[in-house]
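Trainee: requesting a structural model of the entry that follows:
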Amino acid sequence: MASQIPDDDWPGVTYNGLDVFDTIYESEVMAQAEALAREKGNYSVQECYLGYDPQADRFIMGFDSWDLSASLDDEDSSYQEKLARVVYITCPEGSANPKVSGAETIASGSLMYGKGGGYEDLHKKYPKLIDLRLD
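Mentor: Numbering: from 1, shown residues only. From the prediction side, this is the model:
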């Protein structure tokens, strides 16, 4: 039976002795990350990735983003712009208080997963990236 609480199945990943799931997902940084991911405009976002970049000592959270300003009734088949956005999260000096340190569009015209998606681009840009959560 699947757990109702997501972190019950989390594999116990820690960062400087802190539980990664609790440190990132159970803090105010989630709301900050979502706000920054949708910063580009009238976008809906869905968190779908978490990785760790050991070279920069930061976490990278990925979001699928959809433009909500276009009507679903538009005749144009590309009525919604799709983006894969990433937000950078640091834990200064290993603290339990993660900080959002920036965001960027990693793939335009596609979402995080799939051919030409942000996941591929992310791993090209950060070749030592460690996948922690793929949704």
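Trainee: quick one: pLDDT of D22?
Mentor: We have a pLDDT of 84 for D22.
Trainee: now L134
Mentor: 90.
Trainee: tell me where this protein has strands.
Mentor: 14-15, 18-19, 43-53, 58-67, 82-90, 99-108, 130-134 (DSSP state E).
Trainee: now for these, which one comes closest to M30?
Mentor: Closest to M30 of the strands of the chain is strand 43-53 (CB to CB; 7.7 Å). Using the backbone N, CA and C atoms, a C-beta is placed for each residue, glycine as well.
Trainee: on that earlier part again, out of the strands of the chain, which comes closest to E34?
Mentor: Nearest of the strands of the chain (CB to CB): strand 43-53, 5.8 Å.
Trainee: partners of the closest one in the sheet?
Mentor: Each strand paired with strand 43-53, and its direction, by DSSP bridges: strand 58-67 (antiparallel), strand 130-134 (antiparallel).
Trainee: so how far is Y119 from the closest residue to Q46 other than its chain neighbours?
Mentor: With CB to CB, 6 or more residues apart in numbering as the criterion, Q46 has its nearest non-adjacent residue at 4.9 Å, and that residue is D64. Per CB to CB, to the nearest Å, D64 is found 11 Å from Y119.
Trainee: shared neighbours, the two?
Mentor: 84, 112 (CB atoms under 8 Å, 6 or more residues apart in numbering).
Trainee: and the nearest residue to S108 once chain neighbours are set aside, what does it touch?
Mentor: Leaving aside its sequence neighbours, S108 sits nearest to L83 (CB to CB, 6+ apart; 5.7 Å). By CB under 8 Å, 6+ apart, L83 lies in contact with 40, 43, 64-67, 105, 107-109, 111.
Trainee: please consider this matter closed, and thank you.
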